[in-house]
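> Need coordinates for the below:
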Amino acid sequence: MELKCVVSEIMPLKIPKVYRLRGNCGNVELEIEFHEEVVEGPKIGSQMIVEITSDKNECMKHYFCAHGYVISNTQIGDFYRVVISLHGFLVVIKSKHSIGINVMDRVYLGVTFIA
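Predicted structure coming up:
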């Protein structure tokens, strides 16, 4: 699954040097937690490519690549919400359609920012 998103919000969290980035990806909303010493420089309004894959080599083509596990896949009203844990940092995907991954699937998350 590949998404083209626009960064809509960047929020610092209570954990030092950790922030949550919100992206609007058309019909999909995305939230990703990053450590500022690992992922620097995204700005509100900048574009990013987000790829969720089972292929490590595809993920490694991106600026940021991490693996994690799907910890939740629920339907809330008209929306599907998938939560992926990147060893503590969370990725939340909200969509009107199921994205076809299941709880405990091991996935790779690749992110590239476009200036």
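
> gap between the residue of the chain most remote from its centre and Val91?
Distance from the C-alpha centroid of the chain peaks at Gly77, with 21.6 Å (Cα atoms, centre = their mean). With the distance defined as Cβ to Cβ, to the nearest Å, Gly77 ends up 21 Å from Val91. (C-beta placed from N, C-alpha, C; glycine too.)

> show me what contacts Val50?
For Val50, the contacting residues are Glu2, Leu3, Cys5, Gly23, Cys25, Leu30, Ile32, Leu109, Gly110, Val111, by Cβ atoms under 8 Å, 6 or more residues apart in numbering.

> Swap in 10 Å and give it another go.
Each residue near Val50 by Cβ atoms under 10 Å, 6 or more residues apart in numbering is listed here: 1-5, 23, 25, 28, 30, 32, 62, 64, 91, 93, 109-112.

> what does stretch 68-81 contact?
Counting contacts by Cβ under 10 Å, 6+ apart, the residues outside stretch 68-81 that touch it are 28-29, 52, 82-109.

> The longest strand along the chain pairs with which strands, and in what direction?
Selection of the longest strand in the chain by residue count, based on DSSP state E, yields strand 64-76. Taking DSSP bridges as the criterion, strand 64-76 forms sheet pairs with strand 79-86 (antiparallel), strand 106-114 (antiparallel).

> Turn the ones you listed into JSON lines, including mean neighbour count and mean pLDDT.
Shown next, in JSON lines, are these (neighbours: other Cβ atoms under 10 Å; pLDDT from 0 to 100):
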{"stretch": "strand 79-86", "mean neighbour count": "18", "mean pLDDT": "96"}
{"stretch": "strand 106-114", "mean neighbour count": "18", "mean pLDDT": "95"}
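
> If anything else comes up later, I'll come back, but that's it for now.
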